[in-house]
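S.K.: Have a look; sequence and predicted model below, questions after that.
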Amino acid sequence: MGLYNAVMAHLFTAEEQLQKLRDEIRHHEYLYYVLDAPVLTDAQYDVLVNRLKALEAEHPELVTPDSPTQRVGGKPREGFAKVAHSRPMLSLDNAYDEGELRAWEQRVRDALPSTETVRYVCELKLDGLSMALHYRAGSHGAAHLERGLTRGDGAIGEDVTSNVRTVRTVPLSISAAHLEAAGMPQSFEVRGEVVLPQSAFVKLNEEREAAGMAPAANPRNAAAGTIRTLEPSIVAQRRLDFYAYFLLREGDGESLLAHQSDALKALKAAGFHVNEHARTVESIAGVWEFIEEAEKLRDRLGYEIDGVVVKVDSTAQQKRLGFTGRAPRWAIAYKFAARAGVTKLEDVLFQVGRTGKVTPVAALTPVSIGGTTVTRATLHNADEIERLGVRIGDSVQVERGGDVIPKIVCVVEKAKHSQEIVFPELCPVCRSPLKKVEGEVDWRCVNNSCPARVREEILHWAARGVMNIEGLGDAMVAQLLGQSAELGGEAEELVEGAPVVARKALIHTIGDLYRLTQAQLLGLERVGEKTADALLAQIERSKSAGLARVLLGLGIRFVGERTAQLLAEHFGSMEALIAATGEELEAVNEVGPKVAQAIVEFFAVSKNRELVADLAAEGVVMTAEKRKRSSTLEGLTFVLTGTLPSLTREEAKERIESAGGRVSGSVSKKTSYVVAGEEAGSKLEKATALGVTVLDEAGLMELFRA
């Protein structure tokens, strides 16, 4: 880690390192939370986040409101109504060994008076989809299910009530008698986890394989995909299960009872499915004993778990302990060691991505790891292959940490007649020479017309969070491009398992999407009038997505969602952006020399300018409302702590930044002002010790007016 940091510090400025880390983390959050297709283990993701935290701690003046450390998760998916949660559904900090667990306990005890007794509730960490259920007073003193929300981005979830109603372990109505027995009011909120039992997961994959479809990756992704299915009848067939573990007051999301252990008892008494493996203990030694027992149970439970959640039992103590920017201080997740298996490396396929990056993918003899059959694993790049010393034919250890896309950890046994893995010199799809940029580990196909790149570019353009063109998935794009499904070594299947066959291409560029006709689409396999009209309507709707989405869709290197938005607000039109010099681009907030250079280089390519002109001619909107940011607070750094009377923390940050100021997550001698509200914590104490000026909300408003 030290060598890595030293190399990064040598190659990039602190601001560039932060930007690179944030973009990388956001990308993986998008894969994990939005697409349900993660490529990192939980431990690998945590390494990235911890690296970002450490770098931001060294440079608090560079902390931005949109940093992954300042938020709780990824974005909600499209397709369902968005509803704000009563209080954020936060993720948990993790512990991976007994030492880290004891360090957490010490932090808890240090934050509370030494005279207080602290008890802990231990619960299994279910590996599914977090859900919030809202119940409201109904007839005859009963409570009725009003709404079911997914976690979404933690602050805003998706309304999937119609699907939740099909889950048999979710009570649709709770009688007055059960409420009275549980000591619960008629209106309340329940939070818990939707899981897919392993038996149902096996049956689901048998059905998919019988239909010629690719098997689901793991029970968690299958549960998430099921609950987001638009057809409730399909959800009902999947036999999902719901385990309740939080009982909250309706409206403000505060804990309803005095203890978490009381909440579990009340939920069970009310008729909710509460996991039987939970225990209240008096010490961290009791916590560790529960963890050891839970790990032994893991393979006999019938559903996936990946650790144990430990919570301070007293809700009064929880309230005093409070939260960090993204996690409660009163709870922690102890993560079990990643599951692994040993199998044979049969071959290596080379995939070409949207930017031309060539990624080696291991083809494995099927091996069951934690109830999931694994046939593919990432090898990342040529350097990783060399580091592992792996060859085709070797027996390798494959790890599925966090139940995401597996990776090869090490070589277990060398084969007598192994074959060297030769990284190609030519693109495996278009046969153009591959190139490697100095300072990077990846080899890339630089042919902008490479069929694999074009395919990935169109898929990226159509993706959720970009232009959001529903129905334009892998199989449809392959047909439109006249390509075989097998491209770059990874076969993909059409709906119902019908393979894509090579045919005459209907499109060659993104711009061609906007010239498709119903007649052309009806000539494709398994496309009827309803499907064709729906896709054309989605494509037409995407024209009005706006400049920021177009910039994101173009796939300019280093230009993520946040940067695209800032560029759109600053320049207001694509024409103005293309005409901007590198110096003018760097004048945009959070755009450094590397990003500016990437933008200039992108628009210097004639093909890219022609694509923009083509899109404009087809009516794609490439303007945005210019947003001038004030310089009232320019050069000033603020730290927010506590609860303000009228502004939320996000609103305060937005107003400070709009006025030219910066918001940091920690207090230092460089801090200009600390804005303190009710229940301000250690940041206020540190500000007083350092002599930093402290403002209340009224004082902050005075600065805005000034």
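M.R.: Right, received. Where do you want to start?

S.K.: counting contacts, what elements does the host helix or strand of residue 396 pack onto?
M.R.: Using DSSP states H and E, the element containing residue 396 is strand 395-399. Here strand 395-399 touches strand 340-352, strand 358-369, strand 407-413, going by 3 or more C-beta pairs under 8 Å, 6 or more residues apart in numbering; DSSP states H and E. Using the backbone N, CA and C atoms, a C-beta is placed for each residue, glycine as well.

S.K.: distance between the longest one and the chain's centre?
M.R.: Pointing back at strand 340-352 there. Between the centre of strand 340-352 and the centre of its chain there are 26 Å (C-alpha atoms, centre = their mean, to the nearest Å).

S.K.: Let me know the secondary structure of residue 334.
M.R.: Secondary structure, DSSP: H, G, I helix; E, B strand; the rest coil: residue 334 is strand.

S.K.: Out of the helices and strands in this protein, which is least certain?
M.R.: Ranked by mean pLDDT, DSSP states H and E, the weakest helix or strand in the chain is helix 2-11, scoring a mean of 49.

S.K.: any idea which helix or strand comes after that helix?
M.R.: Remark: after helix 2-11, the chain's next helix or strand is helix 14-29, criterion DSSP H and E.

S.K.: Please, which helix or strand holds the closest residue to residue 166 other than its chain neighbours?
M.R.: Of all residues not flanking residue 166 in the chain, residue 236 sits nearest, at 3.9 Å (C-beta to C-beta, 6 or more residues apart in numbering). Assigned by DSSP H and E, residue 236 belongs to helix 232-237.

S.K.: Point out the other helices and strands that that helix packs with.
M.R.: When contacts are defined as 3+ C-beta pairs under 8 Å, 6+ apart, helix 232-237 sits against helix 161-164, helix 219-227.

S.K.: Out of those, which one sits most buried?
M.R.: A comparison of these by mean neighbour count, using mean count of other C-beta atoms under 10 Å, puts helix 219-227 on top with a mean of 24.

S.K.: pull the CA atoms of that one into CSV?
M.R.: C-alpha atoms of helix 219-227 as CSV (Å, rounded to 0.1, in the frame of the first residue of the first chain):
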residue,chain,number,x,y,z
PRO,A,219,-28.9,-15.4,-4.6
ARG,A,220,-28.4,-11.8,-3.6
ASN,A,221,-28.4,-10.5,-7.2
ALA,A,222,-31.3,-12.8,-8.0
ALA,A,223,-33.3,-11.4,-5.1
ALA,A,224,-32.5,-7.8,-6.1
GLY,A,225,-33.4,-8.4,-9.7
THR,A,226,-36.6,-10.2,-8.8
ILE,A,227,-37.9,-7.4,-6.5
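
S.K.: gap between it and the chain center?
M.R.: Offset of helix 219-227 from its chain centre (C-alpha atoms, centre = their mean): 15 Å.

S.K.: hang on, residue 440 in a strand?
M.R.: No - counting by three-state DSSP, residue 440 is not part of a strand but coil.

S.K.: How many residues are close by it?
M.R.: Neighbour count of residue 440, defined by other C-beta atoms under 10 Å: 10.

S.K.: Same question for residue 685.
M.R.: When neighbours are counted by other C-beta under 10 Å, residue 685 comes out with 12.

S.K.: now swap in residue 588 and tell me
M.R.: Using other C-beta under 10 Å, residue 588 is surrounded by 20 other residues.

S.K.: these two touch, right, it and residue 572?
M.R.: No - Residue 588 sits out of contact with residue 572 when judged by C-beta atoms under 8 Å, with a separation of 11.9 Å.

S.K.: ok, now how distant is the residue nearest to residue 166 from residue 200?
M.R.: In this view, residue 236 and residue 200 are 12 Å apart by C-beta to C-beta, to the nearest Å.

S.K.: quick one, which of these two is more surrounded?
M.R.: It is residue 200, of residue 236 and residue 200, that has more neighbours when counted by other C-beta under 10 Å, with 21 against 15.

S.K.: For the helix or strand hosting the more buried one, name the packing helices and strands.
M.R.: If you go by DSSP H and E, residue 200 is part of helix 198-210. Packing partners of helix 198-210 (3+ C-beta pairs under 8 Å, 6+ apart): helix 219-227.

S.K.: Swap in 10 Å and give it another go.
M.R.: Helices and strands touching helix 198-210, by 3 or more C-beta pairs under 10 Å, 6 or more residues apart in numbering; DSSP states H and E, are helix 219-227, helix 232-237, strand 372-378.

S.K.: check contacts around residue 669.
M.R.: Contacts for residue 669 were tallied using C-beta atoms under 10 Å, 6 or more residues apart in numbering; they are 690, 691, 692.

S.K.: from those residues, which would you call buried?
M.R.: residue 692 (16 or more other C-beta atoms under 10 Å).

S.K.: Return the member of the contacts of residue 669 nearest to residue 288.
M.R.: Within the contacts of residue 669, proximity to residue 288 (C-beta to C-beta) peaks at residue 690, which comes in at 38.8 Å.

S.K.: What sits closest to that closest one if chain neighbours are left out?
M.R.: In space, and not counting its chain neighbours, residue 690 is closest to residue 669: 5.9 Å by C-beta to C-beta, 6+ apart.

S.K.: mind listing what residue 550 touches?
M.R.: 461, 466-467, 510, 542-543, 564, 568, 574, 612, 615-616, 620-624.

S.K.: just the buried members of those residues?
M.R.: Counted by 16+ other C-beta under 10 Å, the contacts of residue 550 give 461, 466-467, 510, 542-543, 564, 568, 574, 612, 615, 620-622, 624 as buried.

S.K.: Just the closest of those residues to residue 131, please.
M.R.: For these, the closest approach to residue 131 (C-beta to C-beta) belongs to residue 466, at 26.8 Å.

S.K.: In three-state terms, how would the closest one be classified?
M.R.: coil.

S.K.: Go ahead and confirm it touches residue 555.
M.R.: Yes - with contact defined as C-beta atoms under 10 Å, residue 466 reaches residue 555; the gap is 9.1 Å.

S.K.: Could you measure from residue 19 over to residue 373?
M.R.: Counting by C-beta to C-beta, the gap from residue 19 to residue 373 is 39 Å.

S.K.: Compare the two (neighbour count), which wins?
M.R.: Shown here are residue 19 and residue 373; by other C-beta under 10 Å, residue 19 has more neighbours (23 against 16).

S.K.: wait, what's in contact with residue 417?
M.R.: Contact partners of residue 417, counting by C-beta under 10 Å, 6+ apart, are 391, 392, 393.

S.K.: Do I have it right that the first one meets residue 419?
M.R.: Yes - the pair residue 391 / residue 419 is scored as a contact, 6.0 Å apart, by C-beta under 10 Å.

S.K.: Overlap in contacts, these two.
M.R.: 345, 348.

S.K.: Between these two, point out the one with more neighbours.
M.R.: Shown here are residue 391 and residue 419; by other C-beta under 10 Å, residue 391 has more neighbours (18 against 13).

S.K.: Tell me, how many residues neighbour the residue nearest to the more buried one when sequence neighbours are not counted?
M.R.: Closest residue to residue 391 apart from its sequence neighbours, by C-beta to C-beta, 6+ apart: residue 418 at 3.8 Å. As a burial measure, residue 418 scores 14 neighbours (other C-beta under 10 Å).

S.K.: which residues does residue 418 contact?
M.R.: For residue 418, the contacting residues are 345, 390, 391, 392, 393, 394, 411, by C-beta under 10 Å, 6+ apart.
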